[in-house]
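Engineer: I would like to see how this sequence folds:
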Amino acid sequence: MSNLSALQQLAAQLSRSMATQSAGIGRKVAILGAAGGIGQPLSMLMKMNQQVSQLSLYDIAGTPGVAADVSHVNTRAQIKGFDKDGLADALRGADVVIIPAGVPRKPGMTRDDLFKINAGIVKNLVEACGKHCPGAILNIISNPVNSTVPIAAETLKSLGVYDKRKLLGVTTLDVVRAKTFYAEKKGLDVTSVDIPVIGGHAGITILPLFSQATPKVALTAEELDALTKRTQDGGTEVVQAKAGKGSATLSMAYAAALFADSCLRGLNGQPTIECSYVESTVTEAPYFATKVKLSTEGVEKIHGLGDLSDYEKAGLKAMMPELISQIEKGIEFAKA
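Structural biologist: Below is the predicted model:
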């Protein structure tokens with residue numbers, strides 16, 4: 001397959017609504033952190049999405065160059081780039097805001113180390129969203145997502161504009177990894193594979209439900225444990241492979257583009273199902289990732305866990321103290 005045809009297929013996947021009822025409905029998407037390692041490829045992928053009529057790129061520096069580069073892609077979306085003084089203009093009128101801003105994880109850096117840097121960045125950006133586009137759907141990518149989503153919620157609550165249906169943590173990369181690793185291990189066509197991933201978005205809080213995989217293929221205990229741990233440690237695998245020169249940027253951009261596409265299709269009247277980290281009552285954790293139905297107002301329905309295997313029940317029990325601790329840490333930071 002040529003590179004051109006591969007890109008054309010990806011463009012088609014990211015713009016499935018082009019020839020359906022959403023065709024002609026243009027949405028404004030803002031990317032905060034657009035000049036970064038995730039932001040640049042994500043900007044290109046969102047430029048390829050035919051549901052986007054306006055693409056607003058923001059970062060503290062370097063954004064005009066990214067905007068000029070991406071603007072040459074011959075698709076529908078009109079591009080504007082904004083540097084540090086243009087955040088308000090970048091956000092006004094946005095339907096979906098994607099936030100990958102923050103520092104990437106480096107070798108030896110824990111998600112707790114990331115928290116110390118990224119928590120303040122997310123708080124300030126979400127505060128601007130609350131002021132300038134309070135009705136937008138927010139897609140939070142900035143790690144650690146287990147904490148940054150609660151930070152975003154508390155920030156929006158303080159402004160009186162919090163809508164739990166419109167705040168979503170992007171855990172799609174965990175799903176993408178689980179599908180890829182499972183398909184590779186069992187010799188399956190990855191495009192036919194579906195695997196829900198529940199919990200959070202860090203280490204043991206990531207729990208792929210291989211017992212609910214489609215198609216269902218038997219796994220030995222060793223295979224199940226190895227696939228689960230590889231999915232949980234996927235980010236570390238990339239950090240180590242890049243030898244200190246980056247983290248999972250390209251795969252994260254791809255996953256974020258898929259999730260944003262689903263949010264846009266939901267807004268445009270084509271409900272979709274995705275896994276996402278949201279305010280939830282499915283477990284004792286106040287925020288939790290399960291399958292959710294995305295519709296015209298964001299999250300329309302939060303699905304339950306389904307039937308879990310004994311291995312998955314043990315994983316769910318083991319994650320809870322850590323997940324709840326990370327959530328509380330985010331809430332405490334936002335209220336401090």
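
Engineer: how many neighbouring residues does the residue lying closest to G235 once chain neighbours are set aside have?
Structural biologist: Nearest non-adjacent residue to G235, counting by CB to CB, 6 or more residues apart in numbering: A248, 5.4 Å away. In short, each C-beta sits where N, CA and C put it, glycine included. Using other CB atoms under 10 Å, A248 has 23 other residues around it.

Engineer: quick check: the gap between A248 and G81.
Structural biologist: From A248 over to G81 the distance is 24 Å, taken as CB to CB, to the nearest Å.

Engineer: cool, and E284?
Structural biologist: Going from E284 to G81 by CB to CB gives 43 Å.

Engineer: those two: which is more packed in?
Structural biologist: G81 (24 against 9).

Engineer: Q54 belongs to a strand?
Structural biologist: Yes: when DSSP: H, G, I helix; E, B strand; the rest coil is applied, Q54 is found to be in a strand.

Engineer: excluding covalently adjacent residues, which one is nearest to it?
Structural biologist: K28 (4.0 Å).

Engineer: that neighbour contacts A90, correct?
Structural biologist: No: here K28 does not reach A90: they are 9.9 Å apart, not a contact under CB atoms under 8 Å.

Engineer: more neighbours: the two, which one.
Structural biologist: A90 (26 against 22).

Engineer: report the contact partners of that one.
Structural biologist: A90 makes contacts with A30, L32, S56, L57, Y58, K80, F82, as judged by CB atoms under 8 Å, 6 or more residues apart in numbering.

Engineer: can you list the domain ranges for the chain.
Structural biologist: Domain segmentation of the chain under automatic domain parsing yields 3-169, 172-335.

Engineer: let me have the ones you listed in JSON lines, adding mean pLDDT as columns.
Structural biologist: Below are the domains of the chain laid out as JSON lines (pLDDT from 0 to 100):
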{"stretch": "domain 3-169", "mean pLDDT": "89"}
{"stretch": "domain 172-335", "mean pLDDT": "97"}
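
Engineer: can you give me the helices in the chain?
Structural biologist: 3-14, 39-47, 63-71, 87-91, 111-132, 145-159, 172-186, 221-232, 234-241, 250-267, 310-335 (DSSP state H).

Engineer: okay, the second one in CSV with CA atoms only?
Structural biologist: Meaning helix 39-47. Coordinates of each C-alpha in helix 39-47 appear next as CSV, following Å, rounded to 0.1, in the frame of the first residue of the first chain:
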residue,chain,number,x,y,z
GLY,A,39,-0.2,18.7,19.4
GLN,A,40,1.5,18.9,16.0
PRO,A,41,0.5,15.5,14.6
LEU,A,42,-2.9,15.9,16.3
SER,A,43,-3.3,19.2,14.5
MET,A,44,-2.7,17.5,11.2
LEU,A,45,-5.1,14.7,11.9
MET,A,46,-7.9,17.1,12.9
LYS,A,47,-7.2,19.2,9.8
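
Engineer: could you list every helix and strand in contact with it?
Structural biologist: Applying 3 or more CB pairs under 8 Å, 6 or more residues apart in numbering; DSSP states H and E, we find helix 39-47 packed against strand 27-32, strand 52-58, helix 63-71, helix 250-267.
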